[in-house]
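1. how would this look folded up:
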Amino acid sequence: MDSPISQLVSAPRCRLVLLTGACAAAALSPPAGAQTLDNDYWISAMAFFPRIDTDVRVSSDTPSVPGAEIGTDIDFEKDLALDRGEVLPSFNAGARFGKVIVGADFYKLQRRGETSLSRDISFDGVIYPANVEVESGFDSEIYRLTVGYALVQKPNLELGVAIGAHVTRFEMSLSGLASLGGEAAQTEVRRRDALAPLPTIGAFGTWKVAPRVELNGRFDWLSLEIDDYDGRLLNAQVGANYLVTKNIAVGVAYRYVDYRLGIEKDRWDGLVRYKLYGPAILLQASF
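-> Coordinates of the predicted model:
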């Protein structure tokens, strides 16, 4: 059976809108990371130290247990003991072609948890009762493709607007002894995934405040609702770079990412709320 969440991007009308936005992003969106004004090509590696909040609900129209049709709102950090803090490696690259700026961004998060449940949890048609030991996982891969246009472009200042594509793959799982009606409890494994290509609009800027110091920022946003589907994304970053040499810079940044992907129908529904926010350090090469 397909995941309720994954069907968010498989419905024809919703998929048409999302893929249209993704295709447009290949032609028009903002810089992927902390670009520099001194050079036209750059690549950087970042260590991101976020606090993570993950809430998931997955309901099933064909439950294995009577009464398990409506999924529980699960806090993966509180209910399933996933770590709230991780170190995420992140990579981005970009190029400037006159006033057009293109870029790409990637980071990945994998987490596992094991705990004894403090309450009954219904997930994808199965009820995991309180006090049983469960194992859980939540993985995500985030790709950000961008192309933007500089409205202001001076030796010490660059400001622009953009559209883009923010593509995220989620995979979530839960495993443990589960209630199966009148039958004896047995180990049940439930795993669901989702692929969400979300078009965005945004803005970006870089300001050289001193010969070796640049401040930068970016903002991407989406709010989309079609029939029974809805999605929201806010992605923002501010930072400062110090140019060690003409081609090498070190920097600090603060990143905030907030997703909400949902679908609600008469027979089933699903929801993923996913938030990452915190500081980062980076090393950048440019030429």
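2. what's the nearest residue to residue 152 once chain neighbours are set aside in contact with, if anything?
-> Take residue 152 and drop its neighbours on the chain: the residue closest to it by C-beta to C-beta, 6 or more residues apart in numbering is residue 159, 4.1 Å away. For glycine as for every other residue, the C-beta is placed from the backbone atoms N, C-alpha and C. By C-beta atoms under 8 Å, 6 or more residues apart in numbering, the contact set of residue 159 is 150, 151, 152, 203, 204, 205.
3. Same question for residue 223.
-> Applying C-beta under 8 Å, 6+ apart, the residues near residue 223 are 231, 232.
4. Could you pull up phi and psi at it?
-> For residue 223, the backbone dihedrals are phi -140, psi 120 (criterion: degrees, to the nearest 10).
5. Return the set of residues that bridge with it.
-> Per DSSP bridges, residues listed as beta-bridge partners of residue 223: residue 232.
6. how close does it get to residue 92?
-> Distance of residue 223 to residue 92, given as C-beta to C-beta, to the nearest Å: 25 Å.
7. Show me where the stretch 1-150 of the chain dips below the pLDDT cut-off.
-> Within the stretch 1-150 of the chain, the ranges that satisfy pLDDT under 70 run 1-35, 63-68.
8. now with 80?
-> Counting by pLDDT under 80, the ranges of the stretch 1-150 of the chain that qualify are 1-36, 60-69.
9. what about the helices in it?
-> 12-27 (DSSP state H, counting those that start in this stretch).
10. Mind jotting down where the strands sit in the stretch 101-250 of the chain?
-> Per DSSP state E, counting those that start in this stretch, the stretch 101-250 of the chain carries strands over the ranges 121-123, 126-128, 133-154, 157-180, 183-210, 213-226, 229-243, 248-264.
11. Can I get stretch 208-216 in CSV? Just the C-alpha atoms.
-> C-alpha atoms of stretch 208-216 as CSV (Å, rounded to 0.1, in the frame of the first residue of the first chain):
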residue,chain,number,x,y,z
LYS,A,208,30.7,43.6,1.8
VAL,A,209,31.0,45.7,5.0
ALA,A,210,34.8,45.6,5.0
PRO,A,211,37.6,44.5,2.6
ARG,A,212,37.6,41.0,4.1
VAL,A,213,34.1,40.7,5.6
GLU,A,214,30.9,39.9,3.8
LEU,A,215,27.4,39.5,5.3
ASN,A,216,24.9,37.4,3.4
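12. who's in contact with it?
-> Here stretch 208-216 has contacts from 34-37, 155-157, 204-207, 238-244, 249, using C-beta under 8 Å, 6+ apart.
13. Which of those residues are buried, as a ChimeraX select command?
-> The following ChimeraX line selects those of the contacts of stretch 208-216 that are buried, judged by 16 or more other C-beta atoms under 10 Å:
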select :34,35,36,37,204,205,206,207,238,239,240,241,243,249
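14. Cross-check the contact I'm expecting between residue 160 and residue 101.
-> Yes. In this structure, residue 160 is within contact of residue 101 by C-beta atoms under 8 Å, at 6.7 Å.
15. Overlap of the contact sets of the two?
-> By C-beta under 8 Å, 6+ apart, the residues touching both residue 160 and residue 101 are 30, 148, 149, 150, 204.
16. For stretch 147-158, what is the distance to the chain centroid?
-> 27 Å (C-alpha atoms, centre = their mean, to the nearest Å).
17. brain fart, stretch 208-219
-> 25 Å.
18. Could I get the buried residue list for that stretch?
-> Applying a neighbour-count criterion of 16+ other C-beta under 10 Å, one finds 208, 214, 215, 216, 217, 218, 219 buried in stretch 208-219.
19. Endpoint to endpoint, stretch 224-232 covers what distance?
-> Distance across stretch 224-232, first residue to last, is 6 Å (C-alpha to C-alpha, to the nearest Å).
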